[in-house]
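Undergrad: Provided below are the primary sequence and the corresponding predicted coordinates.
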2 protein chains.
Amino acid sequence: MDVNDLRHFIAVYEAKGFSRASRVIGTVQSNVSGRIRILERYLGVPLFERRYRAVVPTQSGERLYGYAKQVVAVIDEAAREIKPPPQ
Amino acid sequence: MDVNDLRHFIAVYEAKGFSRASRVIGTVQSNVSGRIRILERYLGVPLFERRYRAVVPTQSGERLYGYAKQVVAVIDEAAREIKPPPQ
DNA sequence: TTTTTTTACGACACACGTAACAATG
DNA sequence: CATTGTTACGTGTGTCGTAAAAAAA
């Protein structure tokens, strides 16, 4: 499981859509779609139900969201504390 | 920051050596060396002091260790809970 | 010489953006 | 038609293992 995949997942979850998520992240729909597919294949469960104008998380998606937020929070805090101030 | 890099980092920290870490992970020294180098370049600080027969973590390395253990623990728990039993 | 880390190399896989397609309303 | 998600492709980058080099004792 990759951290960038988790960031994509969080964006889709919170934006409730792939295209909106892609705008938030600063990338393209196809990439978001691909990363979520990788995550779903890795976990062996679907994470979202795709509907028109509404992407709703499955039960597994709901479970993953809490973990994902926790992971990226810890990683971001680690980077912030350890990275030397630029310059 | 990649989770696999963190796994490599933890292995080096706990095995106190790159070659021992590579055996634990099941890969090769050169890969461990490369991943640690990537992590150090990303964070902008050295994580280990390389000595003969003794790889000692720097202060940044010590700090990172706690975060890294936390991250992989959460990720592994998430995978364990969400992944369906392999049939 | 033995043990350990780094670097160079080639093969393979992944990630990104572009663009076309499919589907829904 | 407008919007959204998926799929296909080309290019660049990363990752892996093999192998050679460098450093330390």
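TA: All right, it came through fine.

Undergrad: Run the contact check for the one helix or strand A:Arg20 maps to versus DNA strand D.
TA: Assigned by DSSP states H and E, A:Arg20 belongs to helix A:18-25. Yes: against DNA strand D, helix A:18-25 shows contacts by Cβ under 7 Å from any atom of the strand at A:Phe18, A:Ser19, A:Arg20. All C-beta spots, glycine's among them, are computed from the backbone N, C-alpha and C.

Undergrad: can I assume the first one is in contact with A:Ser33?
TA: To tie it back to what came earlier, the one meant is A:Phe18. Yes: counting by Cβ atoms under 8 Å, A:Ser33 is a contact partner of A:Phe18 at 5.7 Å.

Undergrad: average pLDDT for the longest helix along chain A?
TA: Scanning chain A for the helix with the most residues, using DSSP state H, yields helix A:59-82. Mean pLDDT, computed over helix A:59-82, is 96.

Undergrad: quick check, it touching DNA strand C?
TA: No: Helix A:59-82 stays clear of DNA strand C (Cβ under 7 Å from any atom of the strand), getting no nearer than 14.6 Å.

Undergrad: next one: stretch A:1-18
TA: Yes: residues of stretch A:1-18 contacting DNA strand C under Cβ under 7 Å from any atom of the strand: A:Asp2, A:Asn4, A:Asp5.

Undergrad: Could you check how many residues crowd around the spatially closest residue to A:Ala68 that is not a sequence neighbour?
TA: Excluding the flanking residues, the one nearest A:Ala68 by Cβ to Cβ, 6 or more residues apart in numbering or on different chains is A:Leu6, at 4.3 Å. Each residue near A:Leu6 was counted by other Cβ atoms under 10 Å in any protein chain shown, and the total is 24.

Undergrad: Right, I'll call it a day here.
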